[in-house]
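> Using only what follows, build the 3D model:
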Amino acid sequence: MMSDAAPNAVILSAAKNLSCALFALAARRETLRSAQGDPFAVGIVMLAIVAALAGCRAGADTPQGTAERFVDAHYVDIDLAAAKPFCVGPALAKVEEEQRLTSGQVIDESTRKPRVHYSLLEKKEDGADRVSFMFEGSIRVEDAGTFTRKWMVTTRKEADGWRVSNFDEFE
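Residues are numbered from 1 along each chain as shown. So this is what the prediction gives:
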């Protein structure tokens, strides 16, 4: 069960993401007006906007940042090798088993990958060294429609930083 503080954390996270997006949109509108006609200036403005939006993401050294980077590698990019460094314990064993089961299956540019988007639904802190996150993913497969999954990702504080200690998928 998620803590009573979880809705506040989700609201704060959503508010931060929304404010970052609104800031970037406003900055883009104003700076594009002043840069009109100068392709170099427009390129610099776009680069600045991308950098600003990248700064809106949770830091890699935080529980949420670790969980998000794991979800990106595992579910969005479908790159088990990239997901593995984020894992310890049961999560590491699961990723290694997935690697074993998919060995010989090449995923390259010709592979039809699904488009995956996700959002944080809940956050639950269990002491100072364990935090769980419930994400909801929307998976769109070309010519096969869209479906959703929920992913519970548990992080724990290790000597070298936050790591994913377990994860599960639900319909």
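> Going by residue numbers, what spans are helices in the protein?
6-35, 39-54, 63-71, 80-83, 89-102 (DSSP state H).
> Give me the residues contacting the strand ranked longest in the chain.
Using DSSP state E to define each element, the chain has its longest strand at strand 145-158. By Cβ atoms under 8 Å, 6 or more residues apart in numbering, the surrounding residues in contact with strand 145-158 are 63, 66-67, 70-71, 75, 88, 91, 118, 121, 128-141, 162-171. No exception for glycine: its C-beta is placed from N, CA and C like everyone else's.
> Please pick the buried ones from those residues.
Those of the contacts of strand 145-158 that meet the buried threshold are 63, 66-67, 70-71, 75, 88, 91, 118, 121, 131-135, 137, 139, 162-167, by 16 or more other Cβ atoms under 10 Å.
> in stretch 114-126, what counts as buried?
Buried residues in stretch 114-126 (16+ other Cβ under 10 Å): 114, 116, 118, 120-124.
> Output those in a markdown table, with pLDDT and distance to W151 appended to each entry.
Listed next are those as a markdown table, based on pLDDT from 0 to 100; distance: Cβ to Cβ, whole Å:
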| residue | pLDDT | distance to W151 |
| --- | --- | --- |
| P114 | 92 | 14 |
| V116 | 96 | 10 |
| Y118 | 97 | 7 |
| L120 | 97 | 10 |
| L121 | 97 | 10 |
| E122 | 97 | 11 |
| K123 | 97 | 13 |
| K124 | 97 | 14 |
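> okay, those in a markdown table with distance to R100 next?
Output for these, formatted as a markdown table (distance: Cβ to Cβ, whole Å):
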| residue | distance to R100 |
| --- | --- |
| P114 | 22 |
| V116 | 23 |
| Y118 | 26 |
| L120 | 30 |
| L121 | 30 |
| E122 | 31 |
| K123 | 32 |
| K124 | 31 |
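> follow-up on the earlier one: okay, now the sheet partners of the longest strand of the chain, with direction.
Take DSSP bridges as the rule and strand 145-158 pairs in its sheet with strand 130-141 (antiparallel), strand 161-170 (antiparallel).
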